[in-house]
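Engineer: what's the 3D shape of this:
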Amino acid sequence: MVNPALKTIGVREFRGKLAQHLTLGTPLAITRNGITIGYYIPARRPIADEDRQALTDATQRLHELLEAKGIDPEELIEDFKKLRKSRKKSHG
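Structural biologist: Have a look, this model is predicted:
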């Protein structure tokens, strides 16, 4: 049974619009005569340049804020690791 959230497409349409489907990266159930014959599950898409730049900008801003508040990023990371470890112990 096909997941209802999964888009279903005929094999001819899939083949005819292959380049478009590869670009969109949407998972598909591929059918022939109404019967599912396969699935197209795209690999993870590369990060867009705009997204990469936004992440770089956000990282820079975070470092600026930490520095302005006198917070050492390495100490913050260690505190986070300790907190996570203690939560795993209490839930495990």
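Engineer: for the closest residue to D72 other than its chain neighbours, what are phi and psi?
Structural biologist: Take D72 and drop its neighbours on the chain: the residue closest to it by C-beta to C-beta, 6 or more residues apart in numbering is L66, 7.7 Å away. In this view, the C-beta of every residue, glycine as well, is placed from N, C-alpha and C. Dihedral pair for L66: phi -60, psi -40, per degrees, to the nearest 10.
Engineer: and what of G38?
Structural biologist: phi 180, psi 180.
Engineer: domains of the protein?
Structural biologist: Listed domain ranges for the chain are 7-40, 49-91 (source: automatic domain parsing).
Engineer: pick the most buried one from those domains.
Structural biologist: Among the domains of the chain, domain 7-40 has the highest mean neighbour count (mean count of other C-beta atoms under 10 Å), at a mean of 13.
Engineer: so which strand or helix has L55?
Structural biologist: Under the criterion of DSSP states H and E, L55 resides in helix 49-68.
Engineer: can you check A43 too?
Structural biologist: Under the criterion DSSP H and E, no helix or strand holds A43.
Engineer: pass me the low-pLDDT residue ranges in this protein, would you?
Structural biologist: Along the chain, the model assigns pLDDT under 70 to residues 1-4, 92.
Engineer: center of this protein - which residue?
Structural biologist: Nearest to the mean C-alpha position of the chain, by C-alpha atoms, centre = their mean, lies R44 at 7.0 Å.
Engineer: and that residue, how far from P73?
Structural biologist: For R44, the distance to P73 (C-beta to C-beta, to the nearest Å) stands at 28 Å.
Engineer: over to L24?
Structural biologist: Distance of L24 to P73, given as C-beta to C-beta: 38 Å.
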